[in-house]
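1. Structure for this input, please:
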Amino acid sequence: MNTRILHTDEPQAYVQAVAEAVNLLQAGEVVALPTETVYGLAADALNANAVAKIFEVKERPSFDPLIVHLPHKKDLEDVADVPEDILPVVKKLAEKFWPGPLTMILPKKACVPDIVTSGMPTVAVRASMNRVFNKVARTFDRPLAAPSANKFGSISPTSAAAVKAELDGRIPLILDDGASLHGVESTIIKIEASSPKPRIIIMRPGPITQDDLKSYGVVVLLKNLKQENKPEAPGLLESHYAPRTPLRLLESPEDFIPEEGKTYALLSYRGDADDGYADLTDWKGVHVLSPGKGKLVEAAVRLFYALRELDKVGADEIIAEPVPTQGVGLAVMDRLRRASAKR
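-> Numbers count the residues shown, from 1 in each chain. From the prediction side, this is the model:
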């Protein structure tokens, strides 16, 4: 299969690219599309045969559910049965954060195929704010299932080139809208009725933070993030987002003891020698997530790109510095812990 990349930076090219993507989706094919988080591999969420191609292309296990992306926020009622006791907060969250990088886990309607939800009674739902994805979804006028456009368990792609490097020859089309805005996947939440305020459980940290959500309920971070057998939401397997090169999250520079004859690359937060990592060894390669002051939003945007680049240097092991866990730093640390988990 010849995998084509269509650019969307010029008006005519944009119109043509959207039309070709919609035609393929209508034919039951998969298409790689940009989102504000990472690039996604999209298919008709209500067509079980089309969704099966996502699992085949990604080599994704059938027990790992997918996120359903809506053409419009009002389409939520088409795929989810929202319980009355949480309906008010769901509406407020959708009004505030959709379209955007917030995914809600809700009871599914019968029209959503079991392959999308891995047989579970709930569906993960959001609406993307990316202009290209949004236009494709609204023109197609059906919900799209769209996990990250990479082989299962590997580094999520934040550019069209990264998608092609992963899935060249496996998919017919990639739409290119430049680098992803946020660089890490959406925040996933589950809402439980409670008094006086509903409980909002963060299943997977992402660009929408605890501080963003706290005015809508009591925010709880899911502590036991290891869901190995049948995860309730995407991205919760212990080992995920991993480069081919083994990665170790080094909580303290004092813990580093280099092995003779072994080469190392460094994923640095700020690139500051005062943090204690830069001079630990003669690094084969170094990538800095946010040079200088260390901005967590910038670190999140650069995370997967930096991991891909370090994967190319040929080191025996990648050493990753920790980042602060406030705000989107929580999402960065979640991805690093999973990338460093035993495979």
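2. what about the nearest residue to Lys96 once chain neighbours are set aside, distance to Arg126?
-> Using Cβ to Cβ, 6 or more residues apart in numbering and skipping the chain neighbours, the partner closest in space to Lys96 is Tyr216 (7.7 Å). Any C-beta I mention is one placed from the backbone N, CA and C, and that applies to glycine too. Plainly put, Tyr216 is 16 Å away from Arg126 if you go by Cβ to Cβ, to the nearest Å.
3. go on, Ile174?
-> For Ile174, the distance to Arg126 equals 21 Å [Cβ to Cβ].
4. my guess is the residue nearest to Lys96 contacts Gln210, does it?
-> No. At 11.1 Å, Tyr216 does not count as touching Gln210 under the criterion of Cβ atoms under 8 Å.
5. okay, these two: which has more neighbours?
-> Taking other Cβ atoms under 10 Å, Tyr216 and Gln210 do not tie; Tyr216 has more neighbours (19 against 16).
6. how much space between that one and Arg4?
-> Distance from Tyr216 to Arg4, by Cβ to Cβ: 42 Å.
7. What pLDDT is listed against the residue located most distally from the centre of the chain?
-> Within the chain, the residue lying farthest from the chain centre (Cα atoms, centre = their mean) is Glu260, at 36.5 Å. What the model reports for Glu260 is a pLDDT of 94.
8. Does the residue most central in space within the chain fall in a helix, a strand, or a coil region?
-> What sits nearest the mean C-alpha location of the chain, by Cα atoms, centre = their mean, is Glu185, with 2.5 Å. With DSSP: H, G, I helix; E, B strand; the rest coil as the basis, Glu185 sits in coil.
9. Please apply the same query to Glu254.
-> helix.
10. Now it: closest residue in space, sequence neighbours ignored.
-> Of all residues not flanking Glu254 in the chain, Gly276 sits nearest, at 7.8 Å (Cβ to Cβ, 6+ apart).
11. With Pro147 instead?
-> Excluding its sequence neighbours, the residue lying closest to Pro147 (Cβ to Cβ, 6+ apart) is Leu66, at 5.3 Å.
12. Surely that neighbour touches Ala124?
-> Yes. Assessed by Cβ under 8 Å, Leu66 is found in contact with Ala124 at 7.2 Å.
13. shared neighbours of those two, anything?
-> Thr117, Pro234 (Cβ atoms under 8 Å, 6 or more residues apart in numbering).
14. got the contact list for the residue nearest to Lys96?
-> By Cβ under 8 Å, 6+ apart, the contact set of Tyr216 is Val89, Lys92, Leu93, Lys96, Pro198, Ile200.
15. Kindly report the same for Ala265.
-> Thr245, Trp283, Lys284, Gly285, Val286, His287, Leu310, Val313, Ala315, Glu317, Ile318, Ile319.
16. Identify the bridge partners of the fourth one.
-> When assigned by DSSP bridges, Gly285 has beta-bridge partners Ala265.
17. Can you get me a residue count around it?
-> If you count neighbours by other Cβ under 10 Å, Gly285 ends up with 18.
18. One more: the last one?
-> As a burial measure, the neighbour count of Ile319 was computed by other Cβ under 10 Å and equals 25.
19. Kindly state the beta-bridge partners for it.
-> Residues in beta-bridge contact with Ile319 (DSSP bridges): Arg248, Leu266.
20. how distant is the helix or strand that contains Asp78 from the center of its chain?
-> In the assignment (DSSP states H and E), Asp78 maps to helix 76-79. Between the centre of helix 76-79 and the centre of its chain there are 22 Å (Cα atoms, centre = their mean, to the nearest Å).
21. Return the list of helices and strands in contact with that helix.
-> strand 122-127 (3 or more Cβ pairs under 8 Å, 6 or more residues apart in numbering; DSSP states H and E).
22. What strands line up against the strand it packs on, and which way round?
-> The pairing partners recorded for strand 122-127 under DSSP bridges are strand 67-69 (parallel), strand 100-107 (antiparallel).
23. tell me the most buried of the ones you listed?
-> Across the strands paired with strand 122-127, averaging neighbours per residue (mean count of other Cβ atoms under 10 Å) puts strand 67-69 on top, at a mean of 28.
24. When Leu66 and Ala124 are compared, which one has more neighbours?
-> Using other Cβ under 10 Å as the criterion, Leu66 and Ala124 rank with Ala124 on top: 29 against 26.
25. I'd like the distance between that one and Pro11.
-> Taking Cβ to Cβ, one finds Ala124 at 33 Å from Pro11.
26. Compute the number of surrounding residues for the closest residue to Val82 other than its chain neighbours.
-> Excluding the flanking residues, the one nearest Val82 by Cβ to Cβ, 6+ apart is Val90, at 5.2 Å. Counted with other Cβ under 10 Å, residues neighbouring Val90 total 19.
27. okay, the angle between the helix or strand encompassing Val90 and strand 100-107?
-> Val90 belongs to helix 87-97 when assigned by DSSP H and E. Here the directions of helix 87-97 and strand 100-107 differ by 160 degrees (axes from the mean of the first three to the mean of the last three Cα atoms, to 10 degrees).
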